[in-house]
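Chemist: Pasting a predicted model and its sequence here:
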Amino acid sequence: FEPDIIGPLVHHGQERAQVLGVLCVGRPHVRPRDEKLMFQMVTNLGSLALVNAMNFNILREQANHDGLTGLLNKRYFMNDLGELIVRTERASQQFSLFIFDIDHFKNYNDHNGHQAGDDALRLTGRLILDRVGEEGLAARYGGEEFVIVLPGCSKARGQRFAEDLRVAVTTADYAHGDTQPMGIVSISGGVAT
């Protein structure tokens, strides 16, 4: 297959033009100027549609995730949780939910500053994401509160997961963790199945 006409997919952004790809159609031969202009218009519209699709995905990601931790935000989590409840009821399955907060987080923020508090929340988010897997749901529920749902997870497995995460938090290298009342950053929460 040899293309009739080739045109770049160029996105003309605010700062500069960016080549996104190339559109090839038919076999090569000399084309009239108006055909070339029409094809250029098609490639420009194609590049605009591609950039809009990429921007839509970025905005959807930002709208559904907490910007600090990368976890789901509460609104999106509640929607997913509702769908999960319906699916698990229909399939007569169970799931475990673990909700917890960082102990004495106000103390951490007050003594170390909000930037250190943000860093602690980011690290907690990473610890959660490293453990929750593809099937689970994890969200920043509020300030220093987090919630994790593990589909198909028994009560015993849910409790093991919670304990593993608790140990991971207490052994993680939180900056200024030694300023906490127990000398470490810790979490408290509960599991329901």
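Modeler: Good, I have the coordinates.
Chemist: For the nearest residue to Leu81 once chain neighbours are set aside, grab the count of nearby residues.
Modeler: Nearest non-adjacent residue to Leu81, counting by Cβ to Cβ, 6 or more residues apart in numbering: Val149, 6.2 Å away. In short, each C-beta sits where N, CA and C put it, glycine included. The local packing of Val149 (other Cβ atoms under 10 Å) involves 24 other residues.
Chemist: Can you pull the phi/psi pair for Val149?
Modeler: phi -120, psi 130 (degrees, to the nearest 10).
Chemist: List the contacts of it.
Modeler: Val149 makes contacts with Leu81, Leu84, Phe95, Ser96, Leu97, Phe98, Gly136, Leu137, Ala138, as judged by Cβ atoms under 8 Å, 6 or more residues apart in numbering.
Chemist: what's the farthest-apart pair in those residues?
Modeler: Leu84 and Phe98 (14.1 Å; Cβ to Cβ).
Chemist: okay, those two: which has more neighbours?
Modeler: Set Leu84 next to Phe98 and count neighbours by other Cβ under 10 Å: Phe98 wins out with 27 against 19.
Chemist: Other residues contacting the strand or helix carrying the more buried one?
Modeler: Using DSSP states H and E, Phe98 sits within strand 95-102. With contact meaning Cβ under 8 Å, 6+ apart, strand 95-102 is reached by 84, 88, 108, 120-121, 124, 141, 143-155, 157-159, 161-162, 165-166, 169, 185-193.
Chemist: ditto for stretch 61-81
Modeler: Here stretch 61-81 makes contact (Cβ under 8 Å, 6+ apart) with 118, 121-122, 124-126, 128-129, 137-142, 146-147, 149.
Chemist: tell me which residues in that stretch are buried?
Modeler: Residues of stretch 61-81 classed as buried: His65, Asp66, Thr69, Leu71, Leu72, Asn73, Tyr76, Phe77, Leu81 (neighbour count, 16 or more other Cβ atoms under 10 Å).
Chemist: for the residue nearest to the spatial centre of the chain, helix, strand, or coil?
Modeler: The centroid of the chain falls nearest to Gly70 when counting by Cα atoms, centre = their mean (4.6 Å). Using DSSP: H, G, I helix; E, B strand; the rest coil, the secondary structure recorded for Gly70 is coil.
Chemist: wait, isn't Gly189 in contact with Ala162?
Modeler: Yes. Between Gly189 and Ala162 a contact is recorded at 6.7 Å, counting by Cβ atoms under 8 Å.
Chemist: where does this structure have low pLDDT?
Modeler: Applying pLDDT under 70 to the chain picks out residues 1-4, 26-31, 62.
Chemist: That one: strands as residue ranges?
Modeler: 4-12, 17-26, 95-102, 137-142, 145-151, 187-192 (DSSP state E).
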